[in-house]
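# A structural model of the following input is requested.
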Amino acid sequence: IIYTYIYINIYTYIHGREQKNKDKEYTVKQKEWQQMRRGRYVEFNLVYDRGTIFGLKTGGRIESILMSMPEGARWEYDHKVEPGSPEADIMDAFKNPREWL
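Numbers count the residues shown, from 1 in each chain. Down below sits the predicted model:
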C-alpha cells in the first residue's frame, strides 16, 4: 500500500511538470543541448550498458535493442559549454557529485 501511495505522488508530480511545460518554447541552442545529451545516452548504452552489449553480442534483434534509443541525438567533437550557463552548471554536477538532499 505504501508503494502505491509513493507511486501516485511521483506520477502526480511528473504529470504536473509535464502539463506546466508542454507548451513551452525552446531555443535552437537548448534543443541542440538536449540532442547532445541524448547522444551521450546512446554512447553509454552502446559502449557500457551490459544489457545492450549482451543483446548485440548474442544475436538479439538489433531493431528491438535499439528501440530504447532516443529518436534525435547529436554529437559534436570536443564540445565546450559556455561558462556560467545552465549547461555548465549541470556539467559541473555530473563531474562533481553533490549532496542534493
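
# in three-state terms, label residue 82 for me.
coil (DSSP: H, G, I helix; E, B strand; the rest coil).

# nearest residue to it other than its sequence neighbours?
Distances taken as CB to CB, 6 or more residues apart in numbering place residue 88 nearest to residue 82, at 6.4 Å, with adjacent residues excluded. Glycine gets a C-beta too; all of them are placed from N, C-alpha and C.

# which phi and psi does the one you found have?
phi -70, psi -40 (degrees, to the nearest 10).

# please apply the same query to residue 68.
Dihedral angles for residue 68 - degrees, to the nearest 10 - are phi -80, psi -10.

# distance-wise, check it relative to residue 50.
14 Å (CB to CB, to the nearest Å).

# tell me which residue lies nearest the centroid of the protein.
Most central in the chain under CA atoms, centre = their mean is residue 38, positioned 5.5 Å from the mean C-alpha point.

# touching, that one and residue 72? I think so.
Yes: here residue 38 reaches residue 72: they are 6.5 Å apart, a contact under CB atoms under 8 Å.

# the strands in this protein, which residues?
Here the chain has no strands by DSSP state E.

# and the helices in it?
For the chain, applying DSSP state H gives helices covering 2-21, 28-47, 50-57, 62-66, 86-95.

# give me the distance from stretch 28-43 to the chain's centre.
8 Å (CA atoms, centre = their mean, to the nearest Å).

# next: stretch 70-90.
That offset, for stretch 70-90, works out to 12 Å (CA atoms, centre = their mean).

# circling back: next one: the residue nearest to residue 82 from residue 95, what distance?
In terms of CB to CB, residue 88 sits 11 Å off from residue 95.

# quick one: which of the two has more around it?
Ranked by neighbour count (other CB atoms under 10 Å), residue 88 and residue 95 place residue 88 first, with 13 against 7.
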